[in-house]
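> Sharing a model that was predicted from the sequence below.
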Amino acid sequence: MNRFFLIACAILLAACRAPVSPTATPAIVATNAPTATPALAAKPLVVAHRGGAALAPENTLAAFENALKIGVDMVECDVHLSKDDAVVVMHDFAVSRTTNGSGEIRDLTLVELKQLNAAAKFFGGSAPPQPVPTLAELLDLVKGKAGIQIEIKVGAGNARYPGIERKVIDLVNARGMANDVIVISFDFPTLKEIKTIDPRIKTGALVNATWMTTRLLAPPEKIIADAMDATGADYFMPPASTVFEELVKAVHARGLKIGTWTVNTEADMRRLADWGVDAITSDKPDELKRVLGR
Ligand code: G3P
Ligand code: CA
């Protein structure tokens, strides 16, 4: 399969992508005890997308607890700023797709967000209610048990949240978790800001299928340079359907790592693992572990 075919498929897939289909429900636990830093040396890293969005209500503590039980290497989450500048965990900048509320996170206080049920749309609302987590609560949950990819999102109209980078880093460093996180974003200035504030924090440059398609004829080295020169990131993170073997090799030749998303089929898991990608993000981390024989 050549990369042009893969990228064409990626565009079609992105256009046709259906919402993640749920398959099970879990429970909640939290801890703040200092523990050994996870090595994060496994390859590929098994990353639970939104906590494992096919298995539990996405971006809830229930999902992240479930991912810890599965034994993932990392969880992935998405963060925004509330009206009163709390760093909260949710994918969309508006609350209506996943909760029983309406409006934008930026227009709601943390108290108002905490009144919502973040499991309201999972299984048609039949799952146990879950609050909207703060990043602080999630960090306390995973500390010493798994790494965490923190995706810094933007608000309506691609508006950046002023100061979110500093808030995220402060939450991470307050818990001594600098070695446990990768801050990821599609927004390149956000990634540059993270490195400016704290160069120790690993970052991942997310690019989408359209971004990859505009570089369809470019050599792998040029594709990688376009993202990594602009961000100083440690990980190049394209969607799985746009990854090809020479791209993986070129990332490694540059001394960097490649993580890819969102990988939910056995064939894709095997192909990407065989090519040597460093991190695979999946809605089904249990299936990914099985395929990898872990
Ligand atoms: O891991 C990267 C992936 O999460 C980016 O896509 O839309 O799920 O945030 P999205
Ligand atoms: Ca994400």
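Received it, and whenever you're ready, just let me know what you need. Since this is a predicted model, take the numbers as computed values, not measurements. Residues are numbered from 1 along each chain as shown. Ligands and ions are numbered 1, 2, ... in the order given.
> how about the strands of the stretch 51-200 of the chain, start to end?
When assigned using DSSP state E, counting those that start in this stretch, the strands of the stretch 51-200 of the chain occupy the ranges 74-81, 87-89, 147-152, 181-185.
> could you dump these to CSV with mean pLDDT and mean neighbour count?
Placement of C-beta: from N, CA and C, glycine included. What follows is the strands of the stretch 51-200 of the chain, written out as CSV (pLDDT from 0 to 100; neighbours: other CB atoms under 10 Å):
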stretch, mean pLDDT, mean neighbour count
strand 74-81, 98, 26
strand 87-89, 99, 24
strand 147-152, 98, 25
strand 181-185, 98, 26
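> will you turn those into JSON lines that also has distance to A56?
Formatted as JSON lines, the entries for those read as follows, by distance: least, CB to CB, whole Å:
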{"stretch": "strand 74-81", "distance to A56": "11"}
{"stretch": "strand 87-89", "distance to A56": "13"}
{"stretch": "strand 147-152", "distance to A56": "16"}
{"stretch": "strand 181-185", "distance to A56": "21"}
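> quick one: which of these is nearest I105?
strand 74-81 (4.4 Å; CB to CB).
> Strand partners (parallel or antiparallel) of the closest one?
According to DSSP bridges, strand 74-81 forms sheet pairs with strand 45-48 (parallel), strand 87-89 (antiparallel), strand 147-152 (parallel).
> coming back round to it: reformat the strands of the stretch 51-200 of the chain as CSV; add distance to ligand 2.
Converted to CSV, those look like this (distance: least, CB to the ion, whole Å):
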stretch, distance to ligand 2
strand 74-81, 4
strand 87-89, 10
strand 147-152, 4
strand 181-185, 7
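> wait, which of the strands paired with strand 74-81 is closest to R270?
When the strands paired with strand 74-81 are compared by CB to CB, strand 45-48 sits nearest R270, at 13.8 Å.
> What lies in contact with that closest one?
For strand 45-48, the surrounding residues in contact (CB atoms under 8 Å, 6 or more residues apart in numbering) are 63-64, 67, 70, 72-76, 147, 149, 259, 261, 278-282, 285, 288-289, 292, 294.
> quick one: which of those residues sit in helices?
When DSSP state H is applied, the contacts of strand 45-48 are split such that 63-64, 67, 70, 285, 288-289, 292 fall in helices.
> sorry, back to before: can I get the strands paired with strand 74-81 in JSON lines with distance to I164?
Shown next, in JSON lines, are these (distance: least, CB to CB, whole Å):
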{"stretch": "strand 45-48", "distance to I164": "21"}
{"stretch": "strand 87-89", "distance to I164": "7"}
{"stretch": "strand 147-152", "distance to I164": "6"}
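> Return the residues of the stretch 101-250 of the chain in contact with ligand 2.
Proximity of the stretch 101-250 of the chain to ligand 2, by CB under 5 Å from the ion, involves residues E151.
> just to revisit the earlier point, just the buried ones among the contacts of strand 45-48, please.
63-64, 67, 70, 72-76, 147, 149, 259, 261, 278-282, 285, 288-289 (16 or more other CB atoms under 10 Å).
> near ligand 1 too, which of those?
Among the buried ones among the contacts of strand 45-48, proximity to ligand 1 is found for 76, 261, 281 (CB under 6 Å from any ligand atom).
> who's in contact with the first one?
When contacts are counted by CB under 8 Å, 6+ apart, E76 is found next to 47-51, 148-149, 151, 184, 261, 281.
> Mind doing that once more with 10 Å?
47-53, 59, 64, 67, 147-151, 182, 184, 204, 259, 261-262, 279, 281-282, 285 (CB atoms under 10 Å, 6 or more residues apart in numbering).
> Ok, the last one next?
Contact criterion CB under 10 Å, 6+ apart gives 44-50, 74-76, 149, 184, 237, 239-240, 259-264, 288 as the residues in contact with T281.
> pLDDT weak spots in the protein?
Within the chain, the segments meeting pLDDT under 70 span 1-39.
> Excluding sequence neighbours, find me the nearest residue to the spatially most central residue of it.
Nearest to the mean C-alpha position of the chain, counting by CA atoms, centre = their mean, stands E76 at 3.7 Å. The shortest distance from E76 to any non-neighbouring residue, by CB to CB, 6 or more residues apart in numbering, is to Q149 (4.2 Å).
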